[in-house]
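Novice: kindly generate the corresponding structure for this input.
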Amino acid sequence: MDSIRDLLHSRAGGGPLTLADLVEAARLCRASPAAVQEEALRGRMPLECYRRNPETIPIAQQHTLFRSRAAVIGCGGLGGYIIEELARIGVGTIVAVDPDSFAESNLNRQLLCTRRTIGRAKVTIAARRVREINPAITLIARRPAFSERNGAALLRGSQVVLDALDDIPMRRALAHTCAALGIPLVHGAVAGWYGQVATQFPGETTLETLFSAVTTQRGVESRTGTPAFLPPLVAALETAEAVKILLGEGALLRRRLLTIDTLSMAIET
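Specialist: Residues are numbered from 1 along each chain as shown. Here you go, the predicted structure:
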C-alpha cells in the first residue's frame with residue numbers, strides 16, 4: 001500500500017487526483033481501481049471527482065461512504081436514479097437486485113433505459129453505467145427477484161437498503177428481511193403526480209402501517225402511470241436518507257412519511 005500511496009503522491013503533483021491517475025496507478029501497481037481509491041481516501045488525498053463535495057462531505061466522510069455497502073432493490077424508475085446517485089456520491093459497493101430487462105415502455109421515466117438497452121438486463125446495464133462513472137465503485141448485479149427466501153443472502157453485509165419496488169407484498173417481505181438482519185430500510189414510491197419517502201429502522205413498523213389496508217399486489221401507479229420528473233425527485237430524497245444513515249448525520253424520516261404532490265407543489269411530513 002505504501003507503493004500505491006507514493007505513486008499517487010507523485011501523480012498528484014500537489015493537486016487533486018483524477019480518475020485517470022487512479023486507473024493508471026492501478027495498472028502500474030497491479031491493483032484494482034477500488035484498492036487505489038481506498039488508499040487515496042485513507043491518506044486524505046483529494047480526488048477531482050469529489051471536489052464539489054468537501055464542505056458537505058469532507059474527505060474522512062468520503063472514505064466512510066467508499067467503505068460502505070448499499071443495496072438497491074429494483075433497478076427501474078426509482079432504482080436507476082438511486083444507483084446513479086449512490087455511484088456519483090461515492091458509495092463504494094452497490095448491490096443491485098432486479099430480474100427484469102428493459103422494455104420500450106420504460107423510456108418515459110427510467111434513466112438507464114435507452115433504445116440501445118431495450119431487451120438488456122437492468123442489472124447488467126446498471127453495472128456498465130457505474131463503471132463509466134467511476135471504475136473504483138463496485139456494483140454487484142443480482143438477477144433473481146427479491147423474495148423472503150433469498151432476501152437474507154442478497155442483503156447481508158449492507159449497511160442500508162433502498163426500496164425501489166412496485167410490488168406491495170414484496171415490499172412487506174423486504175421490510176421483514178431488513179428487520180431480521182438489523183438493516184435500516186429507506187422506502188420510496190411514485191405514482192402519477194405523487195411520491196412518498198420514509199425510513200424504517202429495525203423494530204419500527206412504518207411500512208406495515210402504510211400498506212396494512214392494501215390488498216392488491218401493485219400500487220396505484222399501475223393505473224396512474226409515472227411521469228419522467230417524479231422518479232428522480234423521490235430517488236434523490238431516498239439517496240439523501242441513505243447517505244445520512246451511512247454517515248450518521250442529520251434527522252431521518254423515521255416514524256414519519258414525507259409526501260410530495262407535484263400537482264400543487266406541496267411537500268409535507
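Novice: neighbouring contacts of the helix or strand of the chain with the lowest mean pLDDT?
Specialist: Ranking every helix and strand in the chain by mean pLDDT, DSSP states H and E puts helix 221-224 at the bottom, with a mean of 73. The contact list for helix 221-224 (C-beta atoms under 8 Å, 6 or more residues apart in numbering) reads 166, 189-192. No exception for glycine: its C-beta is placed from N, CA and C like everyone else's.
Novice: again, only using 10 Å
Specialist: 77, 166, 189-195, 216, 230 (C-beta atoms under 10 Å, 6 or more residues apart in numbering).
Novice: check which residues of that helix are buried.
Specialist: The neighbour-count check on helix 221-224 (16 or more other C-beta atoms under 10 Å) flags residue 221 as buried.
Novice: and the next helix or strand past it?
Specialist: helix 230-247 (DSSP states H and E).
Novice: find the nearest non-adjacent residue to residue 38, please.
Specialist: residue 66 (6.4 Å; C-beta to C-beta, 6 or more residues apart in numbering).
Novice: low pLDDT regions in the stretch 151-269 of the chain?
Specialist: 217-219, 222 (pLDDT under 70).
Novice: now the helices for the stretch 51-200 of the chain?
Specialist: 59-66, 77-89, 122-133, 151-155, 168-181 (DSSP state H, counting those that start in this stretch).
Novice: for the residue nearest to residue 38, give its distance to residue 49.
Specialist: 11 Å (C-beta to C-beta, to the nearest Å).
Novice: over to residue 144?
Specialist: Taken as C-beta to C-beta, the span from residue 144 to residue 49 is 32 Å.
Novice: closest one to residue 246 among the helices of the stretch 51-200 of the chain?
Specialist: Distance to residue 246, taken as C-beta to C-beta, is lowest for helix 59-66 among the helices of the stretch 51-200 of the chain, at 6.0 Å.
Novice: packing partners of the closest one?
Specialist: Other helices and strands packing on helix 59-66, by 3 or more C-beta pairs under 10 Å, 6 or more residues apart in numbering; DSSP states H and E, are helix 33-42, helix 77-89, helix 230-247.
Novice: relative to helix 59-66, how tilted is the second one?
Specialist: What separates the directions of helix 77-89 and helix 59-66 is an angle of 140 degrees, with axes from the mean of the first three to the mean of the last three C-alpha atoms, to 10 degrees.
Novice: try the longest one
Specialist: When the same axes, to 10 degrees is applied, the directions of helix 230-247 and helix 59-66 differ by 110 degrees.
Novice: pull out the buried residues from helix 230-247.
Specialist: In helix 230-247, counting by 16+ other C-beta under 10 Å, buried: 230-235, 237-246.
Novice: re earlier: pick the most deeply packed of the helices of the stretch 51-200 of the chain.
Specialist: helix 77-89 (a mean of 26; mean count of other C-beta atoms under 10 Å).
Novice: re the thing from before, between residue 66 and residue 49, what contacts are shared?
Specialist: 37, 90, 134, 136.
Novice: count of neighbours near the residue nearest to the first one when sequence neighbours are not counted?
Specialist: Closest residue to residue 37 apart from its sequence neighbours, by C-beta to C-beta, 6+ apart: residue 136 at 3.8 Å. The number of residues packed near residue 136 is 26, by other C-beta atoms under 10 Å.
Novice: mind listing what residue 136 touches?
Specialist: So residue 136 contacts 19, 22-23, 26, 32-38, 40-41, 47, 49, 66, 87, 90, 92, 130 (C-beta under 10 Å, 6+ apart).
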